[in-house]
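Peer 1: Give me a 3D structure for the following:
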Amino acid sequence: MTAPLIQRFVLSDLLTNGYLVYDPDSSDAVMIDPGGSVEPVSAFLRRHGLTLRAILNTHGHADHIMGNVRLRETTGAPIGIHALDVPYLSDPVLNAAAFFQWPFVPHKPDFLLADGGMAGGGTLKFEVLHTPGHTPGSCCLVSREHGIVFGGDLVFEGGVGRWDVPGGDPDALMASLRKFARLPGECTVYPGHGNATTVAREVASNPYILQALAAGG
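Peer 2: Down below sits the predicted model:
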C-alpha cells in the first residue's frame, strides 16, 4: 500500500498528541492515543468516510487514554495496550487522572500489545516495540516500510518522558533508548508531545540517548 496519511490532534490540557493514521484507498483508520475529547476525531472520521479499525495506546497515562471509552462506544473499534499497563486503565490514581481532577471511566482493553507482534486493523498494521521506563508497558508503534515511529512518551525532540512517576524506571528507560537508537535513522518519530523529529536526529543530539549509548549494556 502507499504510505498512510497521518492527522495529528492535540487532545488534552497537557498538549498531548493523538494521531489518526488512515489509508485513503481502503478507508481504514487506526487511532493512536486518544487522550481527551475525541469529538474532533469522530468528525474527521465522518468527513472522510473512514472506518476506525483499532484504538492503540502507547501507554496508560490519562492524557493518552481519556478518550478510549467514548471512541470505542461511537465507532466499535477495539482498544489495545500492553499487558503491563492494563492496570492504568482502571486506576485514576495510577494514571494521574485523579491528580489532574479529570473525570475518568475505568475500562478494560479488548486486546494486548506484545513486543515484536503486530497491532492495528485492516490495511494498517504496526510493529510493537516494548520500550518501558516511562511506564512498565510503554510501547513504540513502528512501520519500517513507511519510515514511521509513534513513540508515545519515550522520546521527544531533545528530551525523553519522565521516569519519576509511578511505574517509572530509569534503568529500563536507558535500555529502551538504546533499543530506539537501533531503529532506521530515516524514520520520522511522532511523539506524544511536541513536534515530530527523526531517529537519526535524536540519536545524534538527544542528551539522554547519548547518555544511554555511552552507558552501553
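Peer 1: Quick check: nearest residue in space to residue 75, chain neighbours excluded?
Peer 2: Using C-beta to C-beta, 6 or more residues apart in numbering and skipping the chain neighbours, the partner closest in space to residue 75 is residue 52 (4.2 Å). Backbone N, C-alpha and C define where each C-beta goes, glycine included.
Peer 1: So what does that neighbour look like in phi/psi?
Peer 2: Main-chain dihedrals, residue 52, degrees, to the nearest 10: phi -80, psi 120.
Peer 1: Now do it against residue 133, distance only.
Peer 2: In this view, residue 52 and residue 133 are 29 Å apart by C-beta to C-beta, to the nearest Å.
Peer 1: and the spatially most central residue of the chain, which of the three is it?
Peer 2: Ranked by distance to the mean C-alpha position of the chain (C-alpha atoms, centre = their mean), the top residue is residue 58 at 3.1 Å. Judged by DSSP: H, G, I helix; E, B strand; the rest coil, the three-state class of residue 58 is coil.
Peer 1: Look up the pLDDT of it for me, please.
Peer 2: In the predicted model, residue 58 carries a pLDDT score of 98.
Peer 1: what do you get for residue 128?
Peer 2: What the model reports for residue 128 is a pLDDT of 98.
Peer 1: ok, now the one 10 residues further on?
Peer 2: As predicted, residue 138 sits at a pLDDT of 98.
Peer 1: let's number from 46 now, not from 1
Peer 2: From this message on, residue numbering opens at 46, which makes the last subject residue 183.
Peer 1: Now do the contacts for it.
Peer 2: 103-104, 127, 130, 175-177, 197-199, 206, 221 (C-beta atoms under 8 Å, 6 or more residues apart in numbering).
Peer 1: What count of nearby residues applies to the residue nearest to it when sequence neighbours are not counted?
Peer 2: In this structure, residue 183 finds its nearest non-sequential neighbour in residue 104, 4.2 Å apart by C-beta to C-beta, 6+ apart. Applying other C-beta atoms under 10 Å, we find 28 residues neighbouring residue 104.
Peer 1: Identify the residues contacting residue 104.
Peer 2: Neighbouring residues of residue 104 by C-beta under 8 Å, 6+ apart: 126-127, 130, 133, 179-180, 182-184, 197-198.
Peer 1: Now go through these and say which are in strands.
Peer 2: In strands, defined here by DSSP state E, the members of these are 126-127, 184, 197.
Peer 1: Could you measure from residue 204 over to residue 250?
Peer 2: Plainly put, residue 204 is 11 Å away from residue 250 if you go by C-beta to C-beta.
Peer 1: So for the two, which sits in the more crowded spot?
Peer 2: More neighbours sit around residue 204 than around the other of residue 204 and residue 250, counting by other C-beta under 10 Å; the figures are 16 against 12.
Peer 1: Now do the helices in the chain.
Peer 2: Along the chain, the segments classed as helices by DSSP state H run 84-92, 107-110, 113-120, 142-145, 215-226, 244-250, 252-260.
Peer 1: Packing partners of the last one?
Peer 2: Right, helix 252-260. Using 3 or more C-beta pairs under 8 Å, 6 or more residues apart in numbering; DSSP states H and E as the contact criterion, the elements in contact with helix 252-260 are strand 204-205, helix 215-226, helix 244-250.
Peer 1: just the first one next, same as before
Peer 2: Helix 84-92 sits against strand 50-55, strand 62-68, helix 113-120, with contacts defined as 3+ C-beta pairs under 8 Å, 6+ apart.
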